[in-house]
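Asks: structure of the sequence below:
(one chain, ligands or ions: 2)
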Amino acid sequence: MMVEIMLAAALVPQPVSMKTGTGSVPAKNAKVAHVSDASIPPEGYRLSVRPDGVTVASSSDAGRFYAAQTLAQLKEGDAYPVVEIEDAPQYKWRGLLIDDCRHFFGKEKIKRVIDVMSQHKMNRLHWHLTDDQGWRLDIPGYPELARHASVRAASAKHGTRPHVNMKNYSHLLNGEKYGPFFYTEADIKEILAYAAKRHVVIVPEIELPGHVYAALSAYPELACFPERLKGKGPLCAWGIEKDVLCLGNDKAVKFMEDVLDYVCRLFPGDVVHIGGDECPQDRWKTCPKCQARMKKEGIADVHGLQPWITRHFVKFLAARGRRPIGWDEYLLGDVPKSAIGMSWRAGGGGAGHQFLTPLECVKRGHDLVMTPRTFCYLDYGQGLKDDPFQYIGGKVTLEKSYAFNPCEGIPPELREHILGGQGNNWSEYTWNEYDLDWKMWPRACAIAEAVWTGDSKPGFADFMRRMETHRKRLISQGVNCAPLR
Ligand code: ACM
Ligand code: ZN
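Replies: Ligands and ions are numbered 1, 2, ... in the order given. Here you go, the predicted structure:
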């Protein structure tokens, strides 16, 4: 007889339906039979562990892969408990962001992140590859990106907070050259193959038109006022930089086209992230080229320039079979519905010049990936009693991450626009892989469960019970998972 139980198995995320029987099956010689069943939803699976063997039913390779992840977590000692599971995700976008610009983690760590996230049935690695402090992708025809834009003169010392708005922050820097750190085409292909095997789609992010200082320092002619960039390198401080791409300069537009064309040829995923956050308009206001562009294109004020370039790249990517995704403020102005938003300031606050709520985004017809900073920013403090690591600020406890609901505040008739959610590992104050793991796990376990189970999320107390075991599982794999409280 099968009974509903939630007591023994420590599965994360918890399957939508699980019934256990009595007894167990030795894992060693257990035969796993695979059945194709078109009635099972994409990424879903049915898993049956009985004394006579294990059966997995699915309609896709992803479902089969997720059944294998569940089976691995079910194993206790050398046996599987007798169990019947039916499972499928509520959301199709279940992601993590890694910021490889502020600090660089490298190929082996990226593969480890893919491995561990896929054990949690997460399927999107949002890879932040370009920013003011470093450009991490070798681009054919632009050799200075790998040579110059991937190296910065120094980095923040532990415990300090250098910021671009300070008059002088040189005393806060360590004076050590950081880089060259970048990925070659061969590196990317290796990572893509590794991710594909684990059903993780990589979403590369190329920031435009702001957060692009590293590239401008390599190619100053792409800025509104090139003389400001001459002799400079990537920034060593954090914050919002005013020197951005000159949208009046056809060469700057061509540069981004060349980069994105290469990205589309290299990355097979269906979407490309084009950034769009925190782009000050100060330089555009006084740049003769930007002013001429506005006149030529009939753009009434400077707010119209970013939507103009967004529209351009929506079309450019559509011609390559891709949709763009970008931070919520890139949807301000006249931007086609096919552009996907990534909502980071739900509930307000945060930096940047304007704010668009998730409800406003979906009312305009955009699909959205939710990554509200108050639930999903893994560089915010986690409220542990003893914590050796430095955080950017704010607070997101494990309980708060668990409370993440991507559809919060969205009426039922608009919820089809909510593709899912993700946790963001910004790395200004994350120096290395131990630091990264600590901030990511266990909060990313909570986010993984929130986006997989959705409306059937079991609750924080149940999650914590399973996490006691699951944390030990992660640590036994070498993951530097932080304590639960
Ligand atoms: C962001 O945190 N600036 C997207
Ligand atoms: Zn300009």
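Asks: how about low-confidence regions in this structure?
Replies: Applying pLDDT under 70 to the chain flags the ranges 1-8, 350-353.
Asks: spell out which parts of it neighbour ligand 1.
Replies: Residues of the chain lying close to ligand 1 by Cβ under 6 Å from any ligand atom are 277-278, 327, 344. In this view, the C-beta of every residue, glycine as well, is placed from N, C-alpha and C.
Asks: which of the residues you listed tops the neighbour count?
Replies: Highest neighbour count within those, by other Cβ atoms under 10 Å: residue 327, with 26 neighbours.
Asks: so how far is residue 427 from it?
Replies: In this structure, residue 327 lies at 17 Å from residue 427, with Cβ to Cβ, to the nearest Å as the measure.
Asks: also residue 440?
Replies: Distance from residue 440 to residue 427, by Cβ to Cβ: 11 Å.
Asks: so what's in contact with the two at the same time?
Replies: Where contact means Cβ atoms under 8 Å, 6 or more residues apart in numbering, no residue is in contact with each of residue 440 and residue 427.
Asks: spatially nearest residue to whichever residue of the stretch 151-300 of the chain sits closest to ligand 1 (excluding sequence neighbours)?
Replies: Nearest to ligand 1, among the residues of the stretch 151-300 of the chain, is residue 277, at 4.2 Å (Cβ to the nearest ligand atom). Excluding the flanking residues, the one nearest residue 277 by Cβ to Cβ, 6 or more residues apart in numbering is residue 327, at 3.5 Å.
Asks: element containing residue 317?
Replies: If you go by DSSP states H and E, residue 317 is part of helix 305-318.
Asks: give me the buried stretch members for that helix, please.
Replies: Buried residues in helix 305-318, counted by 16 or more other Cβ atoms under 10 Å: 305-310, 313-314, 316-317.
Asks: try stretch 375-386
Replies: Neighbour-count burial for stretch 375-386 [16+ other Cβ under 10 Å]: 375-382.
Asks: of those residues, which belong to helices?
Replies: Using DSSP state H, the subset of the buried residues of stretch 375-386 located in helices is 375-376.
Asks: in JSON lines: the buried residues of stretch 375-386, plus distance to ligand 2.
Replies: Shown next, in JSON lines, are those (distance: Cβ to the ion, whole Å):
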{"residue": "375", "distance to ligand 2": "37"}
{"residue": "376", "distance to ligand 2": "34"}
{"residue": "377", "distance to ligand 2": "32"}
{"residue": "378", "distance to ligand 2": "35"}
{"residue": "379", "distance to ligand 2": "32"}
{"residue": "380", "distance to ligand 2": "34"}
{"residue": "381", "distance to ligand 2": "38"}
{"residue": "382", "distance to ligand 2": "41"}
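Asks: and the buried residues of stretch 375-386, which is closest to residue 60?
Replies: For these, the closest approach to residue 60 (Cβ to Cβ) belongs to residue 376, at 26.9 Å.
Asks: is that closest one in contact with residue 425, as I believe?
Replies: No. In this structure, residue 376 is not within contact of residue 425 by Cβ atoms under 8 Å, at 10.1 Å.
Asks: check for me that residue 70 belongs to a helix.
Replies: Yes. Counting by DSSP: H, G, I helix; E, B strand; the rest coil, residue 70 is located in a helix.
Asks: what are the ranges of the helices in the stretch 201-350 of the chain?
Replies: Taking DSSP state H, counting those that start in this stretch, the helices of the stretch 201-350 of the chain run over residues 213-218, 250-266, 282-286, 288-297, 305-318.
Asks: looking at those, which is nearest to residue 477?
Replies: Closest among the helices of the stretch 201-350 of the chain, using Cβ to Cβ: helix 250-266, at 29.6 Å.
Asks: that closest one: how far from the chain's middle?
Replies: 22 Å (Cα atoms, centre = their mean, to the nearest Å).
Asks: check whether it contacts ligand 2.
Replies: No. With Cβ under 5 Å from the ion as the criterion, ligand 2 is not reached by helix 250-266; the gap is at least 7.9 Å.
Asks: count of neighbours near residue 325?
Replies: Residue 325 has 28 nearby residues by other Cβ under 10 Å.
Asks: which strand residues bridge it?
Replies: residue 273, residue 340 (DSSP bridges).
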